[in-house]
Every structure is written in structure tokens, then in C-alpha cells.
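>>> Fold the following, please.
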Amino acid sequence: QVQLVESGGGLVQAGDSLRLSCAASRRTFSSVTTAWFRQAPGKEREFVATFSRSGGNTYYADSVKGRFTISRDNAKNTVYLQMNSLKPEDTAVYYCAAERTTGLYYQASSYNYWGQGTQVTVSS
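Residues are numbered from 1 along each chain as shown. A predicted model of the protein is given here:
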């Protein structure tokens with residue numbers, strides 16, 4: 001069982017930055033695959049960023065590539081999402097996901113555990 005708690009969301013202006021955090025309860029978090037997804041009103045949940053299973057690579061949605069960075073601190077059982085050059089279209093609830101199964105990394109159904117989400121609102 002893994003409990004995930006996101007934080008760091010808020011209301012910012014276009015061009016600003018935010019850093020989201022996802023704190024996990026599990027002590028063996030370093031071996032757990034994690035990812036960030038987001039869901040805007042009226043839209044399906046979409047993939048944002050994740051690590052490869054080995055942790056050596058990162059993958060991003062095309063819409064955030066070059067602006068967002070996923071990272072983790074295993075000592076703190078925390079995964080981060082640094083978001084720079086934010087745009088109004090980045091407005092969404094951002095979710096942390098963990099423990100990817102054998103499914104595709106960009107599919108929400110591939111993950112067993114989810115946080116409650118944190119709201120990010122970017123004004124123009």
C-alpha cells in the first residue's frame with residue numbers, strides 16, 4: 001500500500017513557475033515507479049511526466065517538454081514536478097501516481113495508487 005499526498009499547487013500568472021511535491025508513505029518508495037498526470041475541467045486525465053523503470057530516463061508529454069522537470073528525492077520519499085513558463089492551458093488538477101503495472105507509462109490505468117490532487121491555475 002502506498003499513500004500519496006500532493007502539495008504546491010496554487011494560482012499563478014502566465015510565465016510563472018511552481019514546484020509540486022508528492023510525498024509517499026512507503027519506505028521502499030525508491031523502487032516504486034511514479035508519474036504525474038493532470039486533469040482539466042471536462043477533459044480526461046492526461047499524462048505529464050514519469051521516469052523509466054530503471055529511473056535512468058524521464059518521459060514527458062509533448063505539451064510540457066522543455067518546461068517541466070520531474071525529479072525525486074528517495075531519502076525524503078518525495079517526487080517533484082518543477083513547472084516553468086506556465087501557460088493558461090496548464091490549468092488543471094495535478095495528480096501523483098505510483099506503482100506502474102505492465103501497462104503503458106502514459107496510461108492512467110497503468111498505475112495502482114493515486115494522490116488526491118492539487119489544483120494549479122494559470123491566469124493570462
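>>> Where is the longest strand in the protein?
Longest strand in the chain, counting residues (DSSP state E): strand 92-100.
>>> from the middle of its chain, how far away would that strand be?
5 Å (CA atoms, centre = their mean, to the nearest Å).
>>> strands paired with that strand, and their directions?
strand 34-39 (antiparallel), strand 111-114 (antiparallel), strand 118-123 (antiparallel) (DSSP bridges).
>>> now the residue lying closest to Phe47 once chain neighbours are set aside: how far from Thr78?
Excluding the flanking residues, the one nearest Phe47 by CB to CB, 6 or more residues apart in numbering is Tyr106, at 3.8 Å. For glycine as for every other residue, the C-beta is placed from the backbone atoms N, C-alpha and C. When distance is defined by CB to CB, to the nearest Å, Tyr106 is 22 Å away from Thr78.
>>> again, but for Tyr113
15 Å.
>>> Next: Cys96.
10 Å.
>>> For Asp90, which residues are in contact?
Applying CB atoms under 8 Å, 6 or more residues apart in numbering, we find Asp90 in contact with Arg38, Val64, Met83, Val120, Val122.
>>> So what's the residue count around the nearest residue to the first one once chain neighbours are set aside?
In space, and not counting its chain neighbours, Arg38 is closest to Ala92: 3.8 Å by CB to CB, 6+ apart. The burial metric for Ala92, expressed as a neighbour count using other CB atoms under 10 Å, is 22.
>>> Tell me the bridge partners for Ala92.
Applying DSSP bridges, one finds that Ala92 bridges with Val120.
>>> before we move on, back to that, okay, now the residue nearest to Phe47: neighbour count?
16.
>>> again, but for the one 10 residues further on
Burial of Gln116 is recorded as 11 neighbouring residues (other CB under 10 Å).
>>> For the residue nearest the centre of the chain, give its distance to Thr101.
By CA atoms, centre = their mean, the chain has its centre lying nearest to Trp36, at 2.0 Å. For Trp36, the distance to Thr101 equals 17 Å [CB to CB].
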